[in-house]
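Novice: pasted the sequence and its predicted model underneath.
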Amino acid sequence: KNEVEQSPQNLTAQEGEFITINCSYSVGISALHWLQQHPGGGIVSLFMLSSGKKKHGRLIATINIQEKHSSLHITASHPRDSAVYICAVSRWGAQKLVFGQGTRLTINP
Amino acid sequence: NTGVTQTPKFRILKIGQSMTLQCTQDMNHNYMYWYRQDPGMGLKLIYYSVGAGITDKGEVPNGYNVSRSTTEDFPLRLELAAPSQTSVYFCASSLVENEQFFGPGTRLTVL
(Lines give C-alpha, C1' and ligand atoms only; values in the text may rest on other atoms or scores of the structure.)
Protein backbone atom coordinates (compact mmCIF):
# COMPACT_ATOMS: atom_id res chain seq x y z
CA LYS A 1 0.00 0.00 0.00
CA ASN A 2 1.34 3.44 -0.91
CA GLU A 3 2.04 5.81 1.95
CA VAL A 4 0.14 8.56 0.12
CA GLU A 5 -3.10 7.77 -1.70
CA GLN A 6 -5.07 10.20 -3.80
CA SER A 7 -8.62 9.97 -5.07
CA PRO A 8 -9.97 10.12 -7.62
CA GLN A 9 -7.21 9.27 -10.10
CA ASN A 10 -9.11 11.01 -12.88
CA LEU A 11 -11.81 13.65 -12.67
CA THR A 12 -13.73 15.34 -15.47
CA ALA A 13 -16.13 18.19 -14.71
CA GLN A 14 -17.90 21.09 -16.36
CA GLU A 15 -16.75 24.66 -16.05
CA GLY A 16 -18.11 26.26 -12.89
CA GLU A 17 -18.33 23.09 -10.84
CA PHE A 18 -16.92 22.76 -7.32
CA ILE A 19 -14.01 20.31 -7.34
CA THR A 20 -12.68 18.19 -4.48
CA ILE A 21 -9.53 16.07 -4.60
CA ASN A 22 -8.67 13.89 -1.63
CA CYS A 23 -5.38 12.74 -0.14
CA SER A 24 -4.86 10.16 2.61
CA TYR A 25 -1.55 9.27 4.18
CA SER A 26 -0.39 6.60 6.58
CA VAL A 27 2.72 8.07 8.20
CA GLY A 28 3.43 10.82 10.70
CA ILE A 29 4.11 14.03 8.87
CA SER A 30 5.50 17.48 9.48
CA ALA A 31 3.74 19.02 6.48
CA LEU A 32 1.56 18.20 3.49
CA HIS A 33 2.09 19.74 0.08
CA TRP A 34 -0.26 20.22 -2.85
CA LEU A 35 1.40 20.63 -6.24
CA GLN A 36 0.05 21.35 -9.69
CA GLN A 37 1.58 19.86 -12.84
CA HIS A 38 0.59 21.67 -16.00
CA PRO A 39 -0.09 19.81 -19.26
CA GLY A 40 3.32 21.04 -20.46
CA GLY A 41 4.96 19.25 -17.53
CA GLY A 42 5.98 22.10 -15.20
CA ILE A 43 5.37 21.58 -11.48
CA VAL A 44 4.29 24.38 -9.16
CA SER A 45 3.81 24.28 -5.41
CA LEU A 46 0.28 25.39 -4.48
CA PHE A 47 0.17 24.90 -0.71
CA MET A 48 2.22 23.65 2.17
CA LEU A 49 0.22 23.10 5.34
CA SER A 50 0.55 21.34 8.67
CA SER A 51 -2.84 22.18 10.19
CA GLY A 52 -6.17 23.78 9.44
CA LYS A 53 -6.89 25.44 6.14
CA LYS A 54 -5.24 27.68 3.55
CA LYS A 55 -6.82 29.65 0.72
CA HIS A 56 -5.33 31.17 -2.39
CA GLY A 57 -7.76 32.63 -4.88
CA ARG A 58 -10.22 29.89 -5.88
CA LEU A 59 -8.13 27.14 -4.30
CA ILE A 60 -8.62 25.92 -0.75
CA ALA A 61 -6.60 23.24 1.02
CA THR A 62 -7.59 21.62 4.31
CA ILE A 63 -5.91 19.05 6.50
CA ASN A 64 -7.16 16.86 9.35
CA ILE A 65 -4.10 15.57 11.19
CA GLN A 66 -6.04 13.13 13.38
CA GLU A 67 -7.67 11.48 10.36
CA LYS A 68 -4.50 11.72 8.23
CA HIS A 69 -6.49 13.29 5.42
CA SER A 70 -6.31 16.40 3.27
CA SER A 71 -8.55 17.87 0.59
CA LEU A 72 -7.93 20.31 -2.20
CA HIS A 73 -10.99 22.26 -3.34
CA ILE A 74 -11.40 24.40 -6.45
CA THR A 75 -14.35 26.77 -6.55
CA ALA A 76 -15.86 28.01 -9.84
CA SER A 77 -13.60 25.68 -11.85
CA HIS A 78 -12.27 26.86 -15.21
CA PRO A 79 -10.68 25.01 -18.14
CA ARG A 80 -7.31 26.55 -17.21
CA ASP A 81 -7.50 24.52 -13.95
CA SER A 82 -7.04 21.37 -16.04
CA ALA A 83 -3.83 19.79 -14.73
CA VAL A 84 -2.51 16.97 -12.59
CA TYR A 85 -2.75 17.73 -8.88
CA ILE A 86 -0.22 16.00 -6.68
CA CYS A 87 -0.30 15.46 -2.94
CA ALA A 88 2.99 14.94 -1.10
CA VAL A 89 4.00 14.62 2.53
CA SER A 90 7.19 15.35 4.40
CA ARG A 91 7.87 13.15 7.40
CA TRP A 92 9.08 14.36 10.76
CA GLY A 93 12.85 14.83 10.71
CA ALA A 94 13.14 14.35 6.96
CA GLN A 95 13.02 16.94 4.23
CA LYS A 96 12.29 14.27 1.62
CA LEU A 97 8.80 14.26 0.12
CA VAL A 98 6.68 11.17 -0.49
CA PHE A 99 4.32 11.67 -3.41
CA GLY A 100 0.90 10.40 -4.33
CA GLN A 101 0.26 9.28 -7.91
CA GLY A 102 -1.62 12.44 -8.79
CA THR A 103 -5.18 13.28 -9.84
CA ARG A 104 -5.73 14.24 -13.46
CA LEU A 105 -8.38 16.98 -13.60
CA THR A 106 -10.09 18.01 -16.83
CA ILE A 107 -12.50 20.93 -16.86
CA ASN A 108 -14.65 21.15 -19.98
CA PRO A 109 -16.04 24.49 -21.18
CA ASN B 1 15.85 35.27 -9.55
CA THR B 2 15.28 32.85 -12.40
CA GLY B 3 14.55 29.97 -9.99
CA VAL B 4 15.58 26.42 -10.91
CA THR B 5 16.97 25.82 -14.38
CA GLN B 6 17.66 22.46 -16.02
CA THR B 7 19.50 21.51 -19.16
CA PRO B 8 18.97 19.91 -21.57
CA LYS B 9 15.19 19.93 -22.07
CA PHE B 10 15.24 16.79 -24.21
CA ARG B 11 17.82 14.10 -24.88
CA ILE B 12 17.96 10.76 -26.65
CA LEU B 13 20.70 8.37 -25.56
CA LYS B 14 21.81 5.00 -26.82
CA ILE B 15 22.13 2.11 -24.37
CA GLY B 16 25.46 2.33 -22.55
CA GLN B 17 26.07 6.02 -23.22
CA SER B 18 26.68 8.49 -20.39
CA MET B 19 25.39 11.97 -19.77
CA THR B 20 25.02 14.65 -17.12
CA LEU B 21 21.79 16.47 -16.42
CA GLN B 22 22.50 19.96 -15.19
CA CYS B 23 20.55 21.77 -12.45
CA THR B 24 21.18 25.28 -11.15
CA GLN B 25 19.25 27.44 -8.69
CA ASP B 26 19.84 31.08 -7.80
CA MET B 27 17.67 31.31 -4.67
CA ASN B 28 20.45 30.34 -2.24
CA HIS B 29 18.50 27.24 -1.23
CA ASN B 30 20.43 24.73 0.82
CA TYR B 31 18.32 21.68 -0.12
CA MET B 32 18.31 20.30 -3.65
CA TYR B 33 16.66 17.17 -5.09
CA TRP B 34 16.52 15.01 -8.18
CA TYR B 35 13.29 13.19 -9.05
CA ARG B 36 12.19 10.98 -11.89
CA GLN B 37 8.64 10.70 -13.14
CA ASP B 38 7.66 7.66 -15.18
CA PRO B 39 4.47 7.76 -17.27
CA GLY B 40 1.38 7.49 -15.08
CA MET B 41 3.49 7.21 -11.94
CA GLY B 42 4.27 9.55 -9.07
CA LEU B 43 7.55 11.36 -8.59
CA LYS B 44 10.32 9.28 -7.07
CA LEU B 45 13.37 10.72 -5.33
CA ILE B 46 16.72 9.72 -6.82
CA TYR B 47 19.20 11.73 -4.74
CA TYR B 48 19.09 14.79 -2.55
CA SER B 49 21.52 17.22 -0.94
CA VAL B 50 21.23 19.27 2.22
CA GLY B 51 24.14 21.54 1.35
CA ALA B 52 27.38 21.85 -0.57
CA GLY B 53 29.47 18.71 -0.16
CA ILE B 54 26.62 16.62 1.29
CA THR B 55 24.51 14.21 -0.74
CA ASP B 56 22.36 11.20 0.09
CA LYS B 57 20.41 8.51 -1.72
CA GLY B 58 16.67 8.61 -2.23
CA GLU B 59 14.29 5.81 -3.20
CA VAL B 60 15.77 4.94 -6.63
CA PRO B 61 19.49 5.82 -6.74
CA ASN B 62 20.80 2.85 -8.74
CA GLY B 63 22.41 3.86 -12.02
CA TYR B 64 22.88 7.49 -11.00
CA ASN B 65 25.48 9.65 -9.28
CA VAL B 66 25.42 13.22 -8.01
CA SER B 67 27.78 15.84 -6.67
CA ARG B 68 27.25 19.18 -4.90
CA SER B 69 30.38 21.28 -5.05
CA THR B 70 28.51 24.59 -4.81
CA THR B 71 25.21 25.77 -3.32
CA GLU B 72 23.89 26.60 -6.78
CA ASP B 73 24.63 23.45 -8.79
CA PHE B 74 23.48 19.85 -8.41
CA PRO B 75 24.30 17.77 -11.52
CA LEU B 76 22.94 14.23 -12.01
CA ARG B 77 25.18 11.75 -13.82
CA LEU B 78 24.02 8.66 -15.72
CA GLU B 79 27.01 6.42 -16.34
CA LEU B 80 25.64 3.54 -18.44
CA ALA B 81 22.24 4.46 -19.77
CA ALA B 82 19.58 1.74 -19.80
CA PRO B 83 16.05 1.74 -21.27
CA SER B 84 14.68 1.64 -17.70
CA GLN B 85 16.07 5.15 -17.23
CA THR B 86 13.72 6.56 -19.85
CA SER B 87 11.79 9.11 -17.84
CA VAL B 88 11.24 12.78 -17.13
CA TYR B 89 13.74 14.14 -14.62
CA PHE B 90 12.96 17.05 -12.34
CA CYS B 91 15.34 19.00 -10.17
CA ALA B 92 13.98 20.94 -7.20
CA SER B 93 15.29 23.12 -4.39
CA SER B 94 14.04 24.43 -1.06
CA LEU B 95 14.98 26.09 2.16
CA VAL B 96 14.71 23.86 5.19
CA GLU B 97 11.06 22.93 5.96
CA ASN B 98 9.73 24.99 3.09
CA GLU B 99 8.00 24.49 -0.23
CA GLN B 100 10.02 23.00 -3.06
CA PHE B 101 10.63 24.87 -6.30
CA PHE B 102 10.86 22.68 -9.39
CA GLY B 103 12.78 23.05 -12.61
CA PRO B 104 11.08 22.57 -16.00
CA GLY B 105 12.24 18.98 -16.37
CA THR B 106 14.42 16.99 -18.76
CA ARG B 107 12.77 14.37 -20.95
CA LEU B 108 15.23 11.51 -21.48
CA THR B 109 14.76 8.60 -23.85
CA VAL B 110 17.20 5.66 -23.88
CA LEU B 111 17.04 3.48 -27.01
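Specialist: Thanks, I have the structure now.
Novice: not counting the helix or strand of chain A at the bottom of the mean pLDDT ranking itself, show me its contacts.
Specialist: Least confident helix or strand of chain A, by mean pLDDT, DSSP states H and E, is strand A:97-99 with a mean of 89. For strand A:97-99, contacts defined as CB atoms under 8 Å, 6 or more residues apart in numbering or on different chains pick out A:3-4, A:25, A:27, A:33, A:86-91, B:33, B:42-45, B:100. For glycine as for every other residue, the C-beta is placed from the backbone atoms N, C-alpha and C.
Novice: ok, now with 6 Å
Specialist: Applying CB atoms under 6 Å, 6 or more residues apart in numbering or on different chains, the contact partners of strand A:97-99 are A:3, A:4, A:86, A:88, A:89, A:90, B:42, B:43.
Novice: can you check stretch A:18-27 too?
Specialist: A:3-7, A:13, A:68-75, A:77, A:85, A:87, A:89, A:91, A:100, A:103.
Novice: would you mind measuring from the most centrally placed residue in chain B to residue A:39?
Specialist: Central residue of chain B (CA atoms, centre = their mean): residue B:34, 3.2 Å from the mean position. Distance from residue B:34 to residue A:39, counting by CB to CB, to the nearest Å: 23 Å.
Novice: kindly report the same for residue A:86.
Specialist: The value you get for residue A:86 to residue A:39, if CB to CB is used, is 14 Å.
Novice: which one's more surrounded, the two?
Specialist: Ranked by neighbour count (other CB atoms under 10 Å in any protein chain shown), residue A:86 and residue A:39 place residue A:86 first, with 27 against 10.
Novice: checking my notes, the more buried one in a strand, right?
Specialist: Yes: assessed by DSSP: H, G, I helix; E, B strand; the rest coil, residue A:86 belongs to a strand.
Novice: wait, it touches residue A:102, no?
Specialist: Yes: using CB atoms under 6 Å, residue A:86 is in contact with residue A:102, at 4.7 Å.
Novice: phi, psi of the nearest residue to residue B:79 once chain neighbours are set aside?
Specialist: Using CB to CB, 6 or more residues apart in numbering or on different chains and skipping residues adjacent in sequence, the residue nearest residue B:79 is residue B:18, 5.2 Å away. Main-chain dihedrals, residue B:18, degrees, to the nearest 10: phi -120, psi 160.
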